[in-house]
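J.: Provided below are the primary sequence and the corresponding predicted coordinates.
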Amino acid sequence: QKEVEQNSGPLSVPEGAIASLNCTYSDRVSQSFFWYRQYSGKSPELIMSIYSNGDKEDGRFTAQLNKASQYVSLLIRDSQPSDSATYLCAVTDSNAGNNRKLIWGLGTSLAVNP
Amino acid sequence: GAGVSQSPSNKVTEKGKDVELRCDPISGHTALYWYRQSLGQGLEFLIYFQGNSAPDKSGLPSDRFSAERTGGSVSTLTIQRTQQEDSAVYLCASSPTGSPLHFGNGTRLTVT
């Protein structure tokens, strides 16, 4: 059974701090990795996608991928109260063909305190 | 442009009734997914459509669940003889092939 694991949290950080969210996955051949943000009562929305080892930065967000360690993380710099949400990690299922199916983590709840 | 549209946004039904949930994907997106999310739980894959290929139905929990996608666009998820455990938020997502998913706002289904 392929899995994506995340610490459920809640992760609590003060406003302005760096929030670090981590995700490990079991499918060694996964090619695509995604971070989604889900506000309470809302649908997931894409924050970052990353496909190769290393860092990818977009504004206050940085995704980090280490395929050898099967580890992907999301850093949020200068955290704001509006960043308070559940962050879902998703990776493609290599058995699904054409990377069409995602394996989802249960999410990490982030609370940014003013 | 317009995002993924789902209707109804909320549906309350009595146990044993059939329900239909509709998804209108982003124009041009060939892939369409249905997921289910129960309160405090992760996303549960239900079914996947890609162009004219046979759908991947591997996530449908029972034969009471079915879905179709007409003309490669609008999709309908049907749940027959609803049970209380079917209560959840049903999410539809679409994407161009191999690209990240774009989710609709979901249909919150409550079976009483």
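T.: Yep, it's here.

J.: Can you find the helix or strand of chain B with the lowest average pLDDT?
T.: Lowest mean confidence among the helices and strands of chain B (mean pLDDT, DSSP states H and E): strand B:43-50, at a mean of 92.

J.: Quick check: bridge partners of the residue positioned nearest the centre of chain B?
T.: Closest to where the C-alpha atoms of chain B average out (CA atoms, centre = their mean) is B:Trp34, at 3.5 Å. Under DSSP bridges, the beta-bridge partners of B:Trp34 are B:Ile47, B:Cys92.

J.: low pLDDT regions in the chain?
T.: I'll assume chain A. A:96-100 (pLDDT under 70).

J.: oops, I was thinking of chain B
T.: In chain B (pLDDT under 70), the answer is B:1, B:98.

J.: For it, which residues are neighbours of chain A?
T.: B:31, B:41-43, B:45, B:48, B:50, B:56, B:91, B:97-98, B:100-106 (CB under 8 Å from any CB of the partner chain). Any C-beta I mention is one placed from the backbone N, CA and C, and that applies to glycine too.

J.: can we see that at 7 Å?
T.: B:31, B:42-43, B:45, B:48, B:50, B:91, B:97-98, B:100, B:103-106 (CB under 7 Å from any CB of the partner chain).

J.: what's in contact with the least confident helix or strand of chain B?
T.: Strand B:43-50 is contacted from outside by A:100-101, A:104, B:30-37, B:55-57, B:59-60, B:65, B:67, B:69, B:75, B:97, using CB atoms under 7 Å, 6 or more residues apart in numbering or on different chains.

J.: Show me those that map onto strands.
T.: A:104, B:31-37, B:65, B:67, B:69, B:75 (DSSP state E).

J.: Within the sheet, what are the partner strands of whichever helix or strand A:Tyr87 is part of, with directions?
T.: Assigned by DSSP states H and E, A:Tyr87 falls within strand A:85-92. Looking at strand A:85-92 with DSSP bridges, its partner strands are strand A:33-38 (antiparallel), strand A:102-104 (antiparallel), strand A:108-113 (antiparallel).

J.: will you turn these into a markdown table that also has mean neighbour count?
T.: Output for the strands paired with strand A:85-92, formatted as a markdown table (neighbours: other CB atoms under 10 Å in any protein chain shown):
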| stretch | mean neighbour count |
| --- | --- |
| strand A:33-38 | 23 |
| strand A:102-104 | 23 |
| strand A:108-113 | 18 |
